[in-house]
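K.L.:
structure for this input, please:
(one chain, ligands or ions: 1)
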Amino acid sequence: MSQSNKDSRYLILQTPSKEEYKITVHEGDVAILAKDLAQIKLKTSTNQEEKQITSFDPGFMNTACCESTITYIDGDKGILRYRGYPIEQLAEKSNFLEVAYLLIYGELPTATQLETWQERIMSHTYIHVTLMDYMKSFRYDAHPMSMFIATMAAMSTEYPESNPTLTRRDLFEFDHRARNQQIFRILGKAPTIAACAYRHRIGRPYNYPTESSRGYSYTENFLYMLDRLSEPDYRPSPAIAKALDVLFIVHADHELNCSTAAMRHLTSTRVDPYTAVAGAAGALYGPLHGGASEAVVRMLEEIGSVDKIDEFLSGVKSKTRRLMGFGHRIYKNYDPRAKILKEYAEKVFAEVGRDPLIDIAVELERRATQDDYFVSRKLYPNVDFYSGIIYRACGFPLDMYPLLFALPRIAGWLAHWYESLREEKSAAKASIPGATHVMRARQTYVGDLNKELPSQEERKDISNQNKSLAALKTYHSNLSKRRRAPGTAQRV
Ligand code: CMC
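P.N.:
Presented below is the predicted three-dimensional model:
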């Protein structure tokens, strides 16, 4: 039941024993504080012990964990705005570094601020030679994303004075200069690390960043480090640099997706930002997050031609297949990012030649969006439906796709880092319980209680009752197949 008086709105909850509790609904929003639920006590079904109730939400299906002014999404209407500005306008009229400034500091920069900002970031593109040596020690076929995550974490060893663990816990909360320095370094050096990871993977020597006097943009410098061989006057294609810039803008933030939530989680411990960015990148690396664009390309390659689309869609409808790049937890309408990228795909093809997968993608989209199965479930193309085709047309190998997603998302992670540090400082936020605390979820314990510890003798057969423990019996052999004696255990 919901009621209101002139000061506030509240819900009245009634327990099975008819006790009533008044839970305030917070102004300007429709959220209740999970902590307010703690005043309600219920008896457990197991031992009738009285316990305070908690909200239970394993996949964060309906739980907000912060207030934010960075990104607004209306999933039903297909709206995405950074700091109030529509993503379509930013993609058309802005550039990635300006958008990064907007996300992090909350306002568009003036012309002078933009110039200083770009100059600062572009003068932090060199990485320490020990980091390059570290990267060279990876195996020849190391996945670029793994190299990126490890090297970003290793960056924290280069700057002990910027590590709150080694200096002071509140290092970044009050010191603007210290905060900004980490932002310049991370945004400046991340493309260099990514480019080295790529060059390592393809067996080419690493390139140093361009000199700032050349006036390369953020994405031009990145393309230069990826591609330059011995050409003295190498300059990347302006059309590709612009397309990459637009891809960077649309991927820059997406409120509390899994990796950004991880960034906030790590930041709440006050760990240094290099380790936090590495952790967030780890979350993005998962195939359910940053891996979907790759899955779309594999799916389109497998469909192979327009006349195989109906057969594929039948498989999707009988749930033996999944239409990758379709559907979204938040968007129940066309993802606005997908619209922008569909248009940009054509601009890229004009430069590098048409990728035949686009015809399959466009027809697949047309048929799916006219089919009741997809319409009734509100399944529309998401950002990954067209991004992978653009990466492919530009010649990026599949294992670079998650890294091309992670690079711009760093701007969003840093915006959330900055915002949560300001939360820490803000006295007003202290009125929201937990806003400045280390993030620590609750669990519902459903295991055994009060077991008696058996002796080793009594335990003899316990492992046999559990299949995964029984598997421990087969051992990991250090012997190669060629050396293993006949009849010894298989490698597991
Ligand atoms: N193909 C076919 N059916 C689908 C799809 C799909 N791509 N997505 C959802 N459905 C069906 C699903 O089977 C379910 O049907 P039913 O009601 O009959 O059981 C219904 O639609 C609701 O789906 P859900 O799994 O409850 O939706 P969710 O919000 O948990 O999942 C999703 C969202 C993105 C994981 C899912 O749509 C999906 O797997 N899509 C394909 C993978 C993909 O493109 N991922 C990229 C997401 S965008 C990246 C980003 O924004 O960062």
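K.L.:
residues contacting residue 158?
P.N.:
Listed by C-beta atoms under 8 Å, 6 or more residues apart in numbering, the contact set of residue 158 reads 128, 130-131. (Each C-beta comes from the backbone N, C-alpha and C, glycine too.)
K.L.:
ditto for residue 271
P.N.:
Under the criterion of C-beta under 8 Å, 6+ apart, the neighbours of residue 271 are 164-165.
K.L.:
ok, back up a step: export the contacts of residue 158 to a markdown table and append columns for secondary structure and neighbour count.
P.N.:
What follows is the contacts of residue 158, written out as a markdown table (DSSP: H, G, I helix; E, B strand; the rest coil; neighbours: other C-beta atoms under 10 Å):
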| residue | secondary structure | neighbour count |
| --- | --- | --- |
| 128 | coil | 14 |
| 130 | helix | 11 |
| 131 | helix | 20 |
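K.L.:
return the member of those nearest to the ligand.
P.N.:
residue 131 (28.4 Å; C-beta to the nearest ligand atom).
K.L.:
okay, that closest one: pLDDT?
P.N.:
What the model reports for residue 131 is a pLDDT of 97.
K.L.:
so it touches residue 157, yeah?
P.N.:
No. Using C-beta atoms under 8 Å, residue 131 is not in contact with residue 157, being 9.1 Å away.
K.L.:
show me what contacts the closest residue to the ligand within the chain?
P.N.:
When scored by C-beta to the nearest ligand atom, the chain has residue 327 as its residue closest to the ligand, at 2.3 Å. Neighbour list for residue 327: 377, 379-380, 382 [criterion: C-beta under 8 Å, 6+ apart].
K.L.:
of these, grab the buried ones for PyMOL.
P.N.:
With 16 or more other C-beta atoms under 10 Å as the criterion, this PyMOL line picks the buried residues out of the contacts of residue 327:
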select buried, resi 379+380+382
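K.L.:
so of the contacts of residue 327, which ones are in strands?
P.N.:
Counting by DSSP state E, none of the members of those fall within strands.
K.L.:
which ones among the contacts of residue 327 come in contact with the ligand?
P.N.:
For the ligand, the contacts drawn from the contacts of residue 327 by C-beta under 6 Å from any ligand atom are 377, 379, 382.
K.L.:
gap between the first one and residue 283?
P.N.:
In other words, residue 377. To residue 283, residue 377 is 26 Å away according to C-beta to C-beta, to the nearest Å.
K.L.:
residue 117 and residue 246, how far apart?
P.N.:
With the distance defined as C-beta to C-beta, residue 117 ends up 19 Å from residue 246.
K.L.:
okay, these two: which has more neighbours?
P.N.:
Legend: neighbour count by other C-beta atoms under 10 Å for residue 117 and residue 246, higher for residue 246 (24 against 21).
K.L.:
which parts of the protein sit against the ligand?
P.N.:
Counting by C-beta under 6 Å from any ligand atom, the positions of the chain adjacent to the ligand are 254, 257, 292, 316, 322-329, 377, 379, 382-384.
K.L.:
try 5 Å
P.N.:
Applying C-beta under 5 Å from any ligand atom, we find that the chain lies next to the ligand at 292, 316, 322-327, 329, 377, 382, 384.
K.L.:
I'd like the ones next to the ligand among the contacts of residue 327 laid out as CSV, including distance to residue 88.
P.N.:
Output for those, formatted as CSV (distance: C-beta to C-beta, whole Å):
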residue, distance to residue 88
377, 26
379, 22
382, 16
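K.L.:
reformat these into TSV and put pLDDT next to each item.
P.N.:
Shown next, in TSV, are these (pLDDT from 0 to 100):
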residue	pLDDT
377	96
379	96
382	93
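K.L.:
what about residue 391, neighbour count?
P.N.:
Neighbourhood size, residue 391 [other C-beta under 10 Å]: 23.
K.L.:
please renumber so the chain begins at 26
P.N.:
Yep, numbering from 26; the last one is residue 416 now.
K.L.:
touching, it and residue 427? I think so.
P.N.:
No. Using C-beta under 8 Å, residue 416 makes no contact with residue 427, being 10.5 Å away.
K.L.:
doesn't residue 189 fall inside a helix?
P.N.:
No. Under the criterion used here (DSSP: H, G, I helix; E, B strand; the rest coil), residue 189 is coil, not part of a helix.
K.L.:
what about it, neighbour count?
P.N.:
17.
K.L.:
excluding chain neighbours, give the residue nearest to residue 419 in space.
P.N.:
Using C-beta to C-beta, 6 or more residues apart in numbering and skipping the chain neighbours, the partner closest in space to residue 419 is residue 265 (5.9 Å).
K.L.:
residues touching that neighbour, list them.
P.N.:
Going by C-beta under 8 Å, 6+ apart, residue 265 touches 248, 373, 376-377, 419.
K.L.:
just say helix, strand or coil for the most centrally placed residue in the chain.
P.N.:
What sits nearest the mean C-alpha location of the chain, by C-alpha atoms, centre = their mean, is residue 284, with 3.3 Å. Look at residue 284: counting by three-state DSSP, its state is helix.
K.L.:
repeat for residue 98
P.N.:
The assignment at residue 98 comes out as strand when based on three-state DSSP.
K.L.:
that one: neighbour count?
P.N.:
Other residues within reach of residue 98 by the criterion other C-beta under 10 Å amount to 20.
K.L.:
and residue 381, by the same measure?
P.N.:
Per other C-beta under 10 Å, the neighbour tally for residue 381 reads 14.
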